[in-house]
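Peer 1: I'd like to go over a predicted model; first the sequence, then the structure.
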Amino acid sequence: VQLQASGGGLVQAGGSLRLSCAASRRTFSTYNVGWFRQAPGKQRELVAAISSGSNTYYAESVKGRFAISRDNAKSAVYLRMNSLKPEDTAVYYCAAKWRGEIADVATYSYWGQGTQVTVSS
């Protein structure tokens, strides 16, 4: 499956963005999908994930601010980011896998290109 991430941009602290991850495959509904981010000099981290059954996972740093959702009819997964902070600045990637725990970062097999999110203070 091929993934296309979009929706990044420059926003002031406190603002919002919605990232989109579009998939090439109609069976995308059967995949678990995660949003990762990587800031300069830091390791890539899992921010949020959603299972094929719409169970969700959030990193502690984004709980209450970010919301992941999916629209299987459009083969898309979204990440709504509210109350953005400068520390949310990173390149955001969507990734997918067919099976496995959504919080298990090592087993994501399919990756999209990143989209830059920059939050100014």
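Peer 2: Yes, it's here.

Peer 1: which residues does the residue sitting nearest the centre point of the chain bridge with?
Peer 2: What sits nearest the mean C-alpha location of the chain, by C-alpha atoms, centre = their mean, is residue 35, with 2.2 Å. Assessed by DSSP bridges, residue 35 has beta-bridge partners residue 48, residue 94.

Peer 1: how close does it get to residue 121?
Peer 2: Going from residue 35 to residue 121 by C-beta to C-beta, to the nearest Å gives 23 Å. For glycine as for every other residue, the C-beta is placed from the backbone atoms N, C-alpha and C.

Peer 1: likewise residue 89?
Peer 2: Here residue 89 is placed at a distance of 10 Å from residue 121 (C-beta to C-beta).

Peer 1: between the two, who's got more neighbours?
Peer 2: Comparing residue 89 with residue 121 by other C-beta atoms under 10 Å, the one with more neighbours is residue 89, at 18 against 9.

Peer 1: need the contact list for the more buried one.
Peer 2: Neighbouring residues of residue 89 by C-beta atoms under 8 Å, 6 or more residues apart in numbering: 39, 117, 118, 119.

Peer 1: likewise residue 14?
Peer 2: So residue 14 contacts 83, 84 (C-beta under 8 Å, 6+ apart).

Peer 1: got it, and the one 3 residues further on?
Peer 2: By C-beta under 8 Å, 6+ apart, residue 17 lies in contact with 7, 8, 9, 11, 81, 84, 117.

Peer 1: what's the answer for residue 84, then?
Peer 2: Counting by C-beta under 8 Å, 6+ apart, residue 84 makes contact with 11, 13, 14, 15, 16, 17, 65, 117, 119.

Peer 1: now the buried members of those residues.
Peer 2: Buried by 16 or more other C-beta atoms under 10 Å: 11, 17, 117, 119, out of these.

Peer 1: fine by me, thanks again.
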